[in-house]
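In: sequence and predicted structure below; questions after.
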Amino acid sequence: MNDDTALAQAQSFARLKAHTDRIGPVYGTEDWSMFLYALVKMQTPLAVVELGTGLGATALWVAQAMKEVGVGRIWTIDSGQDWPAILGHSPDLFTQAQRGMDFAGYMADIVAGFGLQDHLEFIGRTMPPYPVLGQKLDWLFSDFRHGPNDILEILGHFMPRMADSSSIFIDSASTSFPSYALLELLTAQLNAGKVPGMLLRTTAPDQHEALWQQVRRSRYTLMHMVERKARVQNSTAWLKIEPADLRPYPTAPFH
Ligand SMILES: C[S@@+](CC[C@H](N)C(=O)[O-])C[C@H]1O[C@@H](n2cnc3c(N)ncnc32)[C@H](O)[C@@H]1O
């Protein structure tokens, strides 16, 4: 990369950082989104789904990293239900023009403003039902519900649709005891080659075989990423799916 390209990239980075430092605290994702930015640059996921866009902090940083590496797409889904209340309590976060927009308009405005149209697609709708994209997913980031039943529904839908080497991030689950305990129990059973009945019941019958195959062929690692910050919902559970093998994934040559 020459100096001019590096400088242009650093300027885009600084502009986005200033933006998400301003809007990120509304949902507490200003640091998380940068963690994912770095992870995209390291792992180059091709297909990412985010459930719950918020004000776009995470989707923007994932897309920015994808733009820098030259591949990848994030689909982010939100009903826009929080938008009127946010405009009401924090109008200063937005431009005069944005204040007159609906949520889809706001998303289109910021995606175009940061030049991320090739990597970020906003889908305005209420969930469930959860989306089905015609390809396996490398990452799922669920950031709108984190109760045990919600987690089972989300995993039942998405687990059979994940790539062989993939990651599922569930916001706030690690700091809610029922959700934390569910994920711990679930991961232990999956690694023992079992699909718990409660998970099978949230999986569509035509996806059962894909789920069984994944469980037979994979190992699962659960990591609780907890922030040392005095605010609620300050965690993300990271469930990593990898092919059962004698090497770590995504693959890199041994040295
Ligand atoms: C915590 S915020 C997402 C934050 C975002 N991921 C970020 O990076 O800042 C949760 C979002 O979920 C959306 N939401 C809540 N319930 C929903 C539903 N049933 N269907 C679709 N979106 C929903 C809300 O509108 C809100 O924007």
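Out: Ah, there it is.

In: residues in contact with the residue in the stretch 151-255 of the chain positioned nearest to the ligand?
Out: Proximity to the ligand, evaluated over the stretch 151-255 of the chain using CB to the nearest ligand atom, is greatest for Asp171 at 6.7 Å. Every residue, glycine included, has its C-beta placed from N, CA and C. Residues near Asp171 by CB atoms under 8 Å, 6 or more residues apart in numbering: 32, 52, 141-143, 146, 233, 235-236.

In: closest residue of the chain to the ligand?
Out: Taking CB to the nearest ligand atom, the ligand has its nearest neighbour within the chain at Gly54, 2.5 Å off.

In: pLDDT value on the closest residue in space to that residue that isn't next to it in sequence, please?
Out: In space, and not counting its chain neighbours, Gly54 is closest to Tyr27: 4.2 Å by CB to CB, 6 or more residues apart in numbering. At Tyr27, the predicted lDDT confidence score is 93.

In: before we move on, what about Lys229?
Out: In this model, Lys229 carries a pLDDT of 79.

In: that one falls within a strand, correct?
Out: No. Applying DSSP: H, G, I helix; E, B strand; the rest coil, one finds Lys229 to be coil, outside a strand.

In: going forward can the numbers begin at 40, since that is how I track them
Out: New numbering, starting at 40: the last item is Lys268.

In: now it: how far from Thr214?
Out: Here Lys268 is placed at a distance of 11 Å from Thr214 (CB to CB, to the nearest Å).

In: same deal with Tyr259?
Out: Tyr259 is 20 Å from Thr214, by CB to CB.

In: ok so, going back, hmm, which of the contacts of Asp210 is lowest in pLDDT?
Out: Gln272 (64).

In: which bits of the chain sit near the ligand?
Out: 66, 68, 72, 89, 91-94, 96-97, 117-121, 165-166, 182-183 (CB under 6 Å from any ligand atom).

In: what's opposite the residue of the stretch 190-294 of the chain closest to the ligand in the beta bridge?
Out: Beta-bridge pairing for Asp210 (DSSP bridges): Thr275.

In: quick one, what contacts Val234?
Out: Counting by CB under 8 Å, 6+ apart, Val234 has contacts 228, 250-251, 254.

In: now the residues you listed as TSV including pLDDT and secondary structure?
Out: What follows is the contacts of Val234, written out as TSV (pLDDT from 0 to 100; DSSP: H, G, I helix; E, B strand; the rest coil):
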residue	pLDDT	secondary structure
Gln228	98	helix
Leu250	98	helix
Trp251	98	helix
Val254	98	helix
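
In: which of those are buried?
Out: 250, 254 (16 or more other CB atoms under 10 Å).

In: Asp131: which of the contacts of Val234 is nearest?
Out: Nearest to Asp131 among those, counting by CB to CB, is Leu250 at 46.7 Å.

In: from the chain's centre, how far out does the longest helix along the chain sit?
Out: As assigned by DSSP state H, the longest helix anywhere in the chain is helix 42-62. Helix 42-62 has its C-alpha centroid displaced from the chain centroid by 21 Å (CA atoms, centre = their mean, to the nearest Å).

In: which strands and helices sit next to it?
Out: Counting contacts by 3 or more CB pairs under 8 Å, 6 or more residues apart in numbering; DSSP states H and E, helix 42-62 packs against helix 71-82, helix 96-108.

In: nearest to His158, out of those helices?
Out: Nearest of the helices and strands packed on helix 42-62 (CB to CB): helix 96-108, 4.0 Å.

In: thinking again about what came up before, who's more crowded, Lys268 and Thr214?
Out: Higher neighbour count among Lys268 and Thr214: Thr214, with 18 against 10, using other CB atoms under 10 Å.
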